[in-house]
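J.: Got a sequence here, can you build the structure:
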Amino acid sequence: MKIVFKDTFLTRLENHLEFISLNSPKRARKFKNDILIRIKAIPTNPYQYRKSIYFDDNSIRDIIYKGYTIVFRITLEQIEIFGFVKQQKSPTD
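T.: Next comes the predicted model:
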């Protein structure tokens, strides 16, 4: 199954990585690598992740990593990674 990264996810992740890299570029690289490892594991069993707390839709799921929530949608053709949030009311705030 193909993984597609939406612009909303990429922008939020890049902003966060820039913030981390101000203090430690090494930690920013590790954070990014760890998130990508978790995302690459999604297609093996996408429904193992919890149903999203932000949407009332069984095909939208959340991965929690270090207090951040990565929100993704499961379709027949692909996995759409679209949200990256920390303690927000919705992934698009």
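J.: so where do the helices sit in the protein?
T.: In the chain, helices defined by DSSP state H lie at 7-23, 25-40, listed in chain order.
J.: Residue 12: neighbouring residues, count only.
T.: Counted with other Cβ atoms under 10 Å, residues neighbouring residue 12 total 19. C-beta here means a position set from N, CA and C on the backbone, and glycine is covered the same way.
J.: show me what contacts the residue nearest the centre of the chain?
T.: The centroid of the chain falls nearest to residue 70 when counting by Cα atoms, centre = their mean (2.5 Å). Counting by Cβ atoms under 8 Å, 6 or more residues apart in numbering, residue 70 makes contact with 9, 35, 38-39, 62-64, 81, 83-84.
J.: What is the nearest of those to residue 23?
T.: Using Cβ to Cβ, residue 35 comes nearest to residue 23 of these, at 18.0 Å.
J.: residues touching the residue lying closest to that closest one once chain neighbours are set aside, list them.
T.: Spatial nearest neighbour of residue 35, chain neighbours left out: residue 65 (6.0 Å); criterion: Cβ to Cβ, 6 or more residues apart in numbering. Counting by Cβ under 8 Å, 6+ apart, residue 65 makes contact with 34-35, 38.
J.: how far away is the residue of the chain positioned farthest from its centre from residue 86?
T.: Using Cα atoms, centre = their mean, the residue of the chain lying farthest from its centre is residue 23. It sits 22.5 Å away. The spacing between residue 23 and residue 86, counted by Cβ to Cβ, to the nearest Å, is 17 Å.
J.: what does residue 1 give?
T.: With Cβ to Cβ as the criterion, residue 1 and residue 86 are 27 Å apart.
J.: ok, how many other residues are close to residue 7?
T.: Residue 7 has 8 nearby residues by other Cβ under 10 Å.
J.: rewinding a little: tabulate the helices of the chain in JSON lines, adding columns for mean pLDDT and distance to residue 53.
T.: Below are the helices of the chain laid out as JSON lines (pLDDT from 0 to 100; distance: least, Cβ to Cβ, whole Å):
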{"stretch": "helix 7-23", "mean pLDDT": "95", "distance to residue 53": "17"}
{"stretch": "helix 25-40", "mean pLDDT": "96", "distance to residue 53": "18"}
